[in-house]
Structures are given as structure tokens and as C-alpha cells.
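Need a 3D model of the following:
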Amino acid sequence: MYERRLLRMFFGVAALLAVVLCRAFWVQVVSADEIIRRNDRVLRSTSIAPALRGEVLWADGTPAVRNSSRWTIRLDRRAFTAERYRCARCGEILTRSVKTVKSGTPTRSPAPAGPVAPDPLPPCAECGAPAAWERLPPPDMQALATLLQMRRDELQSKVDAAIARAELLGWKTVDLFETSRISVEQAMAIAVRSADIPGVMVRSEPWRETDPAIAKIAGRTHLAWESDVKELMNAERDAAGLHRYTYDEATRTLVGESGFERHFNDSLSGVPGLTERPMARPGEPRQKPVVVVPPVDGTPIRTTLRRDVQTVAAAIVERSSAKCATAIVLDLADGADGAVVAAVTKSDDPYSHVITPIAPGSVFKLVTALAWLESGGSPDATVDCAMTGVTVHRRRYTCTGTHPGVALLDAFGKSCNCYFMTRAEDAGAAAMADAYTRLGMDLQSSLRIGVAPRVTKMPDFSLHTALLGIGQAEALSTPMQIATAYARLATGGRRIVPYIDRDVGPAPESREVDPVIAQYADLLREGARRTVRIGTGAGVPLLAEIDAAGKSGTAEILVSRDPLTKVEKRTMNAWFVGYAPASAPRYVAVVVHERVAEHGGHLAGPHVAELLEAALRER
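Numbering: from 1, shown residues only. Sure thing, here's the model as predicted:
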């Protein structure tokens, strides 16, 4: 019995000894290389190598939006809400919290700098022996105010507000200024004086420097917000062939907020890389970082925009007294085929009014004119206009003047409402819808220059046909659609489709010719010339000087109606669309001022002339 127990004990001890020996062999021999590799990794620090965001370029290749950086001041909350001590023996820093009031300032006045009694403070954790602690001075607010060229009391109020904000949100650091930034010179000066202002750090963050002329459609960027980070880390990006970001990569990435920056964000962003820096051992110099995974910079976006014309368009829109205004120029030359040379808009809403449908007014009469001719109507057939009255179809009308016995060409030039209300009903709903489509008025813009509140739909021409014939009632068109329609007329029927990405180029159908527009193009272009010679554009001498042709438009918009007195308050959209030279059209321009009190020929006509003159000028 005892022998059996001894035998079991012997085998148990032998098995335990074998396990210990095997484990020791594995630790000492098998994993030696792995231990070395792990130690090597511990002694290396890794960091994200951000990719340069792609630039947005003008048509000539010069940058319109480029990478830049901006400097900001960041405060360490502890430097302003805690006492800091330094061990005189080993230099260890000790931080002790101080109770604060709501403003973020200490409840008691800070102790003066210099040696203090060690009684209330614990021994130094580094050297392990009682030490003489030295009270570190608080940040020198007067020095910081001098560097920032601010009054001390003004700076103190901003610091108190920033610290209070950080405490409320639980942040360790906080920006001193929420919006404004500092210059490079100020940043360098603060860095040099860092010993005098502890807790005040200067930080450089990526920024996009945008040419003011393109700012409205180029859009803005921001460092990724929480929602952006989640989207960038989404697993669905792998299936879409896009780079799936890590958290560290995403939080250091600029994200497009609007315009080009938003729509081309994935192309512009690039792919971040990774760098490693060996940690310096005591006494050794700090080594340079080594690129492990090189970053892939973003792809630049080359637009068709010309800076000189875009600058003129931006100035026109900025000068406008209207809250919403838009200016567009298209290049009609062979090979360009509808390239957007300029596109600027301003609005009191978040939408791009370049592609937002609004009431077109008389610029829509091109649809009616083409429908009348296509339905077999004669351009010589006349209509009597008495300025106010009733059409032959019993529709009430109001016109800008008296036009007795007016035919198509003069009616187009003088924008006779009576004539076009009559011809719309004569042509019929089917012919109006066909002309609408042929002129490209049904095209939804593929230009990535913003968002629109709704999609433009073809109006029901069987309802309110007469009013639709003059661009009223349910007629809604975007400025880009009007530019497209007149571009097709100016080029003799080429199916122009505007584009703005130079690398993509014109649409294939832009070289095709619509047979109906081509058949009546010369006749309709003569009507557009009469607008400048004898019609609503005759008051703009520059249009005649540059040999332009076009059409004015004034769309009436009902603002309110008193239910008792029936008094209506109305405003207008002032349009003008023109192309030049009329003999060999090269550019077409559209300008519209929304909700104003002036007519299109008077208000927008000079602006179109200014745009066309700038476009025709040699670069």
C-alpha cells in the first residue's frame, strides 16, 4: 500500500519537474527573439503621418484651394486651477488641486514663487526622501497679453471663460479663442516664452486656404467631428473600395463640409501613413522618425473655372442688394462644350442657387417660341397687344408696353406677354413639353457644387398653359438650366450639358445636334439680337459693343395677399441671359437677382455684359 503511494508521489514529482523544465526551456530559449522584438516595440513610438489633402485647381492648373495651417492657443486647465511644485533635488513635478469658483479663478490668492515649507506636501515620489518643494509661478498673464497685443483684463476674461468651459465639459485642455486664430509670429514668440507662461501651448492644425473668388462653391472643411469619425471608421467603406480609417487617423483628418470639399471628399482626403521613432535612451540624441507606411496624398480636382471671370462674377454677386443672387458663365467653344467658366451664388438659405429651381419669368419664353415654330406656327403671324387686356383665348394679360401687330422676332426682343401667352395655347401642351425637353430644361444638374431643396420637375403644360408660356405659374427653372437652354440655342442645337470637372470632360451628347433646334436656331437667334438692339436690353450699351444677344426676364412672385382688402404684395426675380459674340457664340452668361423690385433688363443686363466682356478678354 505504501509502495503504491510512493510510486504515485514519485511520478507526480517527476511530471511537475518536467513541466518546470519545459517552461524554463521555453522562456529562456524558445521566446528569446520574441522578447527582444517586444522590447524593441516598447522602445518605439508610433504616430500617424497625415496625407496632404488634394488641391482644387483653376482651369490653368494654379491652385484655388491649397493646404495651409493655422495656429491656435491651447490652455492646460491644471496650470490655472492647480498648484504646481518642483522637487529641488530631482526636479519631479507635483500638482495639487485647488478649489475654484464658477469663473475658474482660485478661491485664494496664489502663493508667491520660491521655497515653501514641505509640511503640507508629501515626500517626493521619485527620490523617495523628504524634499524641499519649490512653488512654481503661475502663468504670466501680462506677458501673454503683451504677446497677443491685448489688454490684460480682456485676456483674463477670455482665460476665465475658457477654463470654465473646460471644467464644465470635463476637458483637460481647451482653446483660448473659439474662432479667431493667431499669426505665425505670435505663435513663435509664445513658444520662446513658454517658461514664463506654463500651461499655454501653441498648436498648428491643418487648414485649407481658399481663394475668395471660389469660396462659395469650393466649400469648407473641418477636423472630423464625432459623426464624421464614425462614418470614416464604418466597415462599409471596405466594400466600397475606400480606405477604412482607424480612430487615430480619423480624428486627425480634415473632412469636407460643403461644396467641392464635401462632394469630392474621398478623392481629396488621401490615405494616412504611419511613422515610427525609436525612443532615445538616456544620454543618446533623439532620432528622426522613420516612415513605415508612406501616406498617399489626396487627388487634386482640376476645375474648368477661370479665375479672372470667376472674380468678376463673385464681385457682381457680392454687390447685389438681393439676399440671393447667382452668376454663371459657360464656354461654348469646340472641345469645351459647356465647361463652366464661372459659377457664383449667395443665398439666405443652405442651398446652392446655381442648381435651385426658381421662377424664370420671360427667359422661359424661348421654350414657347420653339414650341410655336415646331407646331407649324408662322414667325410672321401677328398678335395685337394693348398693354393690358384679354387674349384671343380669353386670358387676362399685362405687358410692359403697347405692341400692335407684333410678330415673333419683335415679340421676343420686346418680351411681349400677350404674344407668348397666345402662342403657348396655340402650340399646345405637347409641343411645349417637347420644346422644354429639347432645350435641356429637364436635365438635373450633376455638378457637385452644392445641394438643392428639390428636384426640378416638368410643369404640367395642360394646366395654366398661357401663364407657363411666359414663365409664370408652376414654371420653375434653375439658373444652370436656363444657361443650358440658351447654350443649345447659341450653338445651333448642340446638346450642351454643363460640367465643371476638367478631368471628366464634356458629356458625349454635347457633340450631338438636335434637329429641331438646328432648324430654327438662326430665326430664334435673330430674336435674341433684337433684345439688344430694340428690346429690353437696348438700355445696356455694352451689350451692343461686344456684339451680344440674349433675353431678359422678370418673374413676379406673390409674397402675401390681404384676405379682406385683396391687396397683393409682390416681388420679382430679375433675370438676364446673353451670349457673345452673336455672330459666332463663344460664351453664354446668366445673372439673376432674386426677390428684388427692378426688372431683369435694367438690373441684370449690365452684369451679363460685364461677365461676357471679361470672358472674351484675353487671358
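
Burial check on Arg561, number of neighbours?
11 (other CB atoms under 10 Å). C-beta here means a position set from N, CA and C on the backbone, and glycine is covered the same way.

Relative to Asn573, how far out is it?
19 Å (CB to CB, to the nearest Å).

likewise Leu409?
25 Å.

same check, this time on Met150
47 Å.

More neighbours: those two, which one.
Higher neighbour count among Met150 and Asn573: Asn573, with 24 against 13, using other CB under 10 Å.

So the more buried one sits against Val363, correct?
No - in this structure, Asn573 is not within contact of Val363 by CB atoms under 8 Å, at 9.6 Å.

anything in contact with each of these two?
Each of 553, 600 lies in contact with both Asn573 and Val363 under the rule CB atoms under 8 Å, 6 or more residues apart in numbering.

Okay, now the unreliable bits of the stretch 101-250 of the chain?
For the stretch 101-250 of the chain, the stretches flagged by pLDDT under 70 are 101-120, 125-126, 128-131, 178-180.

go again using 90 as the cut-off
101-150, 152, 155-156, 158-209, 215-227, 238-243, 246-250 (pLDDT under 90).

all strands of it, in order?
Secondary structure of the stretch 101-250 of the chain (DSSP state E, counting those that start in this stretch): strands at 114-115, 133-135, 173-175, 200-210, 221-223.

Quick one: list the elements packing against the fourth one.
To tie it back to what came earlier, the one meant is strand 200-210. Judged by 3 or more CB pairs under 8 Å, 6 or more residues apart in numbering; DSSP states H and E, the packing partners of strand 200-210 are strand 63-76, helix 184-192, strand 221-223.

Now do that strand and helix 184-192, the angle between them.
Angle, strand 200-210 to helix 184-192, by axes from the mean of the first three to the mean of the last three CA atoms, to 10 degrees: 160 degrees.

Give the partner strands of strand 200-210 in its sheet and their orientations.
strand 63-76 (antiparallel) (DSSP bridges).

Got the phi and psi for the residue nearest to Leu612 when sequence neighbours are not counted?
Nearest residue to Leu612 in three dimensions, chain neighbours excluded: Ala580, at 4.4 Å (CB to CB, 6 or more residues apart in numbering). Dihedral pair for Ala580: phi -160, psi 150, per degrees, to the nearest 10.

got the contact list for Ala580?
546-549, 586-587, 612, 616.

What residues of stretch 51-60 count as buried?
51-59 (16 or more other CB atoms under 10 Å).

Please apply the same query to stretch 322-330.
Here stretch 322-330 shows 322, 324-330 as buried, counting by 16+ other CB under 10 Å.

Which residue, neighbours along the chain excluded, lies closest to the residue nearest to the spatial centre of the chain?
Centroid check for the chain by CA atoms, centre = their mean gives Gly219 as the closest residue, at 1.5 Å. Among residues not flanking Gly219 along the chain, Gly259 sits closest, at 2.4 Å (CB to CB, 6+ apart).

Would you quantify the distance from that neighbour to Ser321?
24 Å.

count of residues packed around Ser477?
For Ser477, using other CB under 10 Å, the count is 26.

What sits closest to it if chain neighbours are left out?
Pro360 (4.3 Å).

mind exporting the helix or strand hosting Ala411 as CSV, just the C-alpha atoms?
Using DSSP states H and E, Ala411 sits in helix 408-414. Taking Å, rounded to 0.1, in the frame of the first residue of the first chain, the C-alpha atoms of helix 408-414 are listed here in CSV:
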residue,chain,number,x,y,z
LEU,A,408,-42.3,86.5,-83.2
LEU,A,409,-38.9,88.3,-83.6
ASP,A,410,-40.0,91.7,-82.2
ALA,A,411,-42.2,90.0,-79.6
PHE,A,412,-39.1,88.0,-78.4
GLY,A,413,-37.0,91.2,-78.3
LYS,A,414,-39.6,93.3,-76.5
